[in-house]
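K.L.:
sequence below, structure please.
(chains A and B)
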Amino acid sequence: MEKDWEKLAFEGLAFFGRMSASVSHEIKNVMAVINENAGLVEDLALLADRGAALDPERLKRTAAAIQKQIRRGDGIVKNMNAFAHSVDEPVRRVSLDETLGLMVALSQRFAATRCVTLSAGEPAGVSVVTNPYFLENCIHLCLAFALDSAGSGKAITAVAESEEDGGRIRFSGIEAPTGPFPSQTALEVARAIDARLEFNQTGKTLVIILPAKIQG
Amino acid sequence: MKILLVDDEEELVSALAERLSFRDIDADYATGGAEALDKVREKDYDLAVLDVKMPKIGGIKLKKEIKKIQPGMRFIFLTGHGSEEDFKAGSKESAAYLVKPVKIEDLISKMREALES
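P.N.:
Got it, this is the predicted structure:
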């Protein structure tokens, strides 16, 4: 079937926007925590200037909180950088484990706001030749549906697996589907990477089936 | 002034509560909607500072639940976003709206304004 590049360009840009908005929100939270803890150190120093006793343990805890947020921010920026570089080459060999791991990491806030635990399964060592960006877009659309359909307090697991002639990514734990899947957008994005989407409502699983090598 | 801070970032609200206490403001904190509602049932507060986006129950919905328990409470919303949509939501809720990270002086000033309005 023909690929609708006009629709794909629109969805591709919208996907980049959604991910950027989510990451910037996360970074804002990191900065807010650092801001309050740095302010707390300043307050403690001012109180010490006025003669109050300065508790070294209190300072150590605050410094540890700041360092923890810096590590968190560094992880967020590294993931965003990896995501941004996925548009460098239109087609290349892609590790499904790494791509899935990246999308799972970038979707943690999305999962947390839905009170859903999101995790990636054991690495399978599978790789395919594909368009990395639209693979990420496809995973994102599947994850969004899976997380919306999991139910509060539940868990979604995503795992990469080898296929006879390619690979697949399986999402399990889709307890209560919010609607039919795949959507037109998901179908279009899957088509861009010659992938098939199979949603098994009884088995509560959704699978992206990928060829070993994209056509064209 | 009795304040309740609600944000799922514990290291943010705990530090903020401590900083407010240094300024003679009685501030408690909660890291989620259920904990916040428990505190509101147990103690009278003048004002709540609510994060807009939190797991389970967001700030705007939480405000409605708190109002059922303490109708006289005032509210300030905090968010990491600062989008046009968020500002409209904040205005609609007749509450001040601050974008993270905030200066503590700005927050205190907004608190006083909210309590005087």
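
K.L.:
list the contacts for residue A:28?
P.N.:
Contacts for residue A:28 (Cβ atoms under 8 Å, 6 or more residues apart in numbering or on different chains) come out as B:80-81, B:99-101. (Glycine included, C-beta is placed from N, CA and C.)

K.L.:
any idea which of these is least confident?
P.N.:
On pLDDT alone, residue B:81 ranks lowest of the contacts of residue A:28, at 70.

K.L.:
so for that residue, what's the nearest residue that isn't a sequence neighbour?
P.N.:
Excluding its sequence neighbours, the residue lying closest to residue B:81 (Cβ to Cβ, 6 or more residues apart in numbering or on different chains) is residue A:25, at 6.0 Å.

K.L.:
and residue A:68, how many residues sit next to it?
P.N.:
Neighbouring residues of residue A:68 were enumerated by other Cβ atoms under 10 Å in any protein chain shown; the total is 15.

K.L.:
circling back to that earlier point, to what extent is the residue nearest to residue B:81 buried, counted in neighbours?
P.N.:
If you count neighbours by other Cβ under 10 Å, residue A:25 ends up with 17.

K.L.:
so it: helix, strand or coil?
P.N.:
Three-state call for residue A:25 (DSSP: H, G, I helix; E, B strand; the rest coil): helix.

K.L.:
ok, now residue A:162?
P.N.:
Residue A:162 is classified as strand under three-state DSSP.

K.L.:
please name the residues that touch it.
P.N.:
Residue A:162 is in contact with A:124-126, A:168, counting by Cβ under 8 Å, 6+ apart.

K.L.:
chain A: strands as residue ranges?
P.N.:
Secondary structure of chain A by DSSP state E: the strands cover A:92-95, A:117-120, A:127-130, A:155-163, A:166-172, A:196-200, A:205-211.

K.L.:
so which of those strands is nearest residue A:53?
P.N.:
Within the strands of chain A, the stretch nearest residue A:53 is strand A:117-120; the backing value is 42.7 Å (Cβ to Cβ).

K.L.:
what is that closest one packed up against?
P.N.:
Under the contact criterion of 3 or more Cβ pairs under 8 Å, 6 or more residues apart in numbering or on different chains; DSSP states H and E, strand A:117-120 touches helix A:96-106, helix A:108-113, strand A:155-163.

K.L.:
is the first one up against chain B anywhere?
P.N.:
It stands for helix A:96-106. No. Contact of helix A:96-106 with chain B (Cβ under 8 Å from any Cβ of the partner chain) is absent, the minimum separation being 15.9 Å.

K.L.:
same thing with the second one?
P.N.:
Yes. Under the criterion of Cβ under 8 Å from any Cβ, chain B is reached by helix A:108-113 at A:112-113.

K.L.:
list of residues touching that helix?
P.N.:
When contacts are defined by Cβ under 8 Å, 6+ apart, helix A:108-113 is touched by residues A:22, A:25-26, A:117-118, A:143-144, A:147, A:156, B:8, B:53-55.

K.L.:
could you redo the last one with a cut-off of 7 Å?
P.N.:
Identification of contacts with helix A:108-113 by Cβ atoms under 7 Å, 6 or more residues apart in numbering or on different chains yields A:22, A:25-26, A:117-118, A:147, B:53, B:55.

K.L.:
for residue A:54, state which of those residues is nearest.
P.N.:
For residue A:54, the closest of the contacts of helix A:108-113 turns out to be residue A:26, at 32.6 Å, with distances computed as Cβ to Cβ.

K.L.:
I figured that closest one hits residue A:76, correct?
P.N.:
Yes. Here residue A:26 reaches residue A:76: they are 5.1 Å apart, a contact under Cβ atoms under 7 Å.

K.L.:
what average pLDDT does stretch A:153-172 get?
P.N.:
On average, the pLDDT along stretch A:153-172 is 95.

K.L.:
check which residues of that stretch are buried.
P.N.:
A:154, A:156-160, A:166-172 (16 or more other Cβ atoms under 10 Å in any protein chain shown).

K.L.:
would you turn those into a markdown table with distance to residue A:111?
P.N.:
Formatted as a markdown table, the entries for these read as follows, by distance: Cβ to Cβ, whole Å:
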| residue | distance to residue A:111 |
| --- | --- |
| A:154 | 10 |
| A:156 | 7 |
| A:157 | 11 |
| A:158 | 11 |
| A:159 | 16 |
| A:160 | 18 |
| A:166 | 27 |
| A:167 | 23 |
| A:168 | 21 |
| A:169 | 16 |
| A:170 | 17 |
| A:171 | 12 |
| A:172 | 14 |
